[in-house]
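[1] Okay, sequence plus prediction incoming.
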Amino acid sequence: MNPDKIRNVLNILFMILALAAIITYFVVGKEDFKMFIYVCGAAIFVKLMEFFIRFTNR
């Protein structure tokens, strides 16, 4: 598969996870802050994968 297509998919997934993290932060509140941390961590992990693909394929 083309690395640019993979990067685009990962960027879209990152944006969805970032939005989900924001929604989770305001909806869940302090009762289950771990859920926000998990969603945020998943978003950061996806963005790091996209970052490494971007700089290793040049």
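    Perfect, thanks for sending it. Predicted model only: the values in this text are computed from it and were never measured.
[2] Now the residue most central in space within the chain. Its backbone dihedrals?
    Centroid-nearest residue in the chain, with CA atoms, centre = their mean: Ala43, separated by 2.0 Å. When quoted as degrees, to the nearest 10, the phi and psi of Ala43 stand at phi -60, psi -40.
[3] Spit out the contact partners of the nearest residue to it once chain neighbours are set aside.
    Distances taken as CB to CB, 6 or more residues apart in numbering put Leu17 closest to Ala43, at 3.6 Å, once the chain neighbours are dropped. For every residue, glycine as well, the C-beta is placed using N, CA and C. Contacts here follow CB atoms under 8 Å, 6 or more residues apart in numbering; on that basis Leu17 touches Val39, Ala42, Ala43, Val46.
[4] and those, which two are the farthest apart?
    Taking CB to CB as the measure, the contacts of Leu17 reach their widest spread between Val39 and Val46, a distance of 10.9 Å.
[5] buried set for the longest helix seen in the chain?
    Identified as the longest helix of the chain according to DSSP state H is helix 3-28. Across helix 3-28, burial judged by 16 or more other CB atoms under 10 Å covers Arg7, Leu10, Leu13, Phe14, Leu17, Ala18, Ala20, Ala21, Thr24.
[6] just those now: which is nearest Thr56?
    Among the buried residues of helix 3-28, and counting by CB to CB, the member closest to Thr56 is Arg7, at 11.2 Å.
[7] Quick one, grab the pLDDT at that closest one.
    Looking at Arg7, its pLDDT is 92.
[8] give the contact list for it.
    Taking CB under 8 Å, 6+ apart, one finds Glu50, Ile53, Arg54 in contact with Arg7.
[9] Where neighbours are concerned, which of the residues you listed has the most?
    Tallying neighbours with other CB atoms under 10 Å puts Glu50 at the head of the contacts of Arg7, with 18 neighbours.
[10] on that earlier part again, if I look at the residue nearest to the centre of the chain, how far off is Asn2?
    23 Å (CB to CB, to the nearest Å).
[11] Likewise for Val27?
    Separation of Val27 from Asn2 (CB to CB) stands at 37 Å.
[12] contact partners of stretch 35-51?
    Arg7, Leu10, Asn11, Leu13, Phe14, Leu17, Ala18, Ala20, Ala21, Thr24, Tyr25, Val28.
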